[in-house]
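Student: no sequence for this one, just the structure:
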Ligand code: URA
């Protein structure tokens, strides 16, 4: 890999900043002052320092976003604001994409990464990773609806949901719904099928990972190793 790419992936500098560091003789590669930003380095073994500070290379990155309403879960859109506008500049060179989608008006837990296999494992219906949503409805949910959700709901001619869990709050217009698929508008359509309209929707959990209550709306932070394992190892 080129030295300037390596340095930018370590998020210490952009490519043009890297060139400047090199001109100033501030970057060493395996102890030798670097002369060219396009020199090839082996990312698995090289030791690069900027002003004596060692860089640590990471290929993949995993972010938690507390998505606000009003942003679409896409990396580009000609007309609407995308979640990428919420991502701090220091992460943009990682070529991130959202793991699954939330509707424009849905809030809450969204993971972004550049790790395709990880994203696939989290979204594949075959992996059965549960997602939990909090919803506010126009009408009270009924106890009988719990059984309907549990059996799976036929949403159209060729799609019936897998069994889903429905928890009704003390205020029956507030519910928690746990599903392990992610079809278009799935939660809204499931609620509509029992005669209730979703007025507000927020994803609060994926697998064993809950939305960080201290992360403000629109806030982004990296996932810890422990949180990553909660996402991928859990079927809660
Ligand atoms: N189900 C929905 O209806 N909308 C979402 O954004 C996510 C799940």
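Tutor: Thanks, I have the structure now. For clarity, every value in this text was computed on a predicted model and none was experimentally measured. Numbers count the residues shown, from 1 in each chain.
Student: which residues of this protein score low on pLDDT?
Tutor: 11-12, 233-236 (pLDDT under 70).
Student: Helices of the chain, residue ranges please.
Tutor: Per DSSP state H, the chain carries helices over the ranges 3-9, 15-23, 116-123, 143-151, 186-193, 225-233.
Student: Among these, which comes closest to the ligand?
Tutor: When the helices of the chain are ranked by proximity to the ligand, the top entry is helix 186-193, at 3.4 Å, counting by C-beta to the nearest ligand atom. For glycine as for every other residue, the C-beta is placed from the backbone atoms N, C-alpha and C.
Student: what packs against the closest one?
Tutor: strand 131-137, strand 154-156, strand 174-179, strand 198-206 (3 or more C-beta pairs under 8 Å, 6 or more residues apart in numbering; DSSP states H and E).
Student: can you rerun that using 6 Å?
Tutor: Using 3 or more C-beta pairs under 6 Å, 6 or more residues apart in numbering; DSSP states H and E, no helix or strand is in contact with helix 186-193.
Student: Point out the one among the helices of the chain that comes closest to residue 66.
Tutor: Shortest distance between residue 66 and the helices of the chain, using C-beta to C-beta, is found for helix 225-233: 14.0 Å.
Student: contacts for that closest one?
Tutor: For helix 225-233, the surrounding residues in contact (C-beta atoms under 6 Å, 6 or more residues apart in numbering) are 62, 207-209.
Student: I'd like the helices of the chain as TSV, with distance to the ligand appended.
Tutor: Output for the helices of the chain, formatted as TSV (distance: least, C-beta to the nearest ligand atom, whole Å):
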stretch	distance to the ligand
helix 3-9	31
helix 15-23	36
helix 116-123	12
helix 143-151	13
helix 186-193	3
helix 225-233	17
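Student: Tell me which of the ones you listed sits nearest to residue 31.
Tutor: Here helix 3-9 is closest among the helices of the chain (C-beta to C-beta), at 14.3 Å.
Student: Contact partners for the residue nearest to residue 87 when sequence neighbours are not counted?
Tutor: Nearest residue to residue 87, sequence neighbours excluded (C-beta to C-beta, 6 or more residues apart in numbering): residue 220, at 5.9 Å. If a contact means C-beta under 6 Å, 6+ apart, then residue 220 has 63, 65, 87 as its contacts.
Student: Any idea what residue 220 is bridged to?
Tutor: residue 65 (DSSP bridges).
Student: same thing with residue 205?
Tutor: Counting by DSSP bridges, residue 205 is bridged to residue 132, residue 210.
Student: could the helices of the chain go into a markdown table alongside mean neighbour count?
Tutor: Shown next, in a markdown table, are the helices of the chain (neighbours: other C-beta atoms under 10 Å):
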| stretch | mean neighbour count |
| --- | --- |
| helix 3-9 | 21 |
| helix 15-23 | 17 |
| helix 116-123 | 15 |
| helix 143-151 | 14 |
| helix 186-193 | 20 |
| helix 225-233 | 14 |
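Student: quick one, which of those helices is nearest to residue 54?
Tutor: Nearest of these to residue 54, taken as C-beta to C-beta: helix 3-9 at 12.0 Å.
Student: Going by contacts, tell me the helices and strands next to that closest one.
Tutor: helix 15-23.
Student: What helices and strands are in contact with the helix it packs on?
Tutor: Counting by 3+ C-beta pairs under 6 Å, 6+ apart, helix 15-23 packs on helix 3-9.
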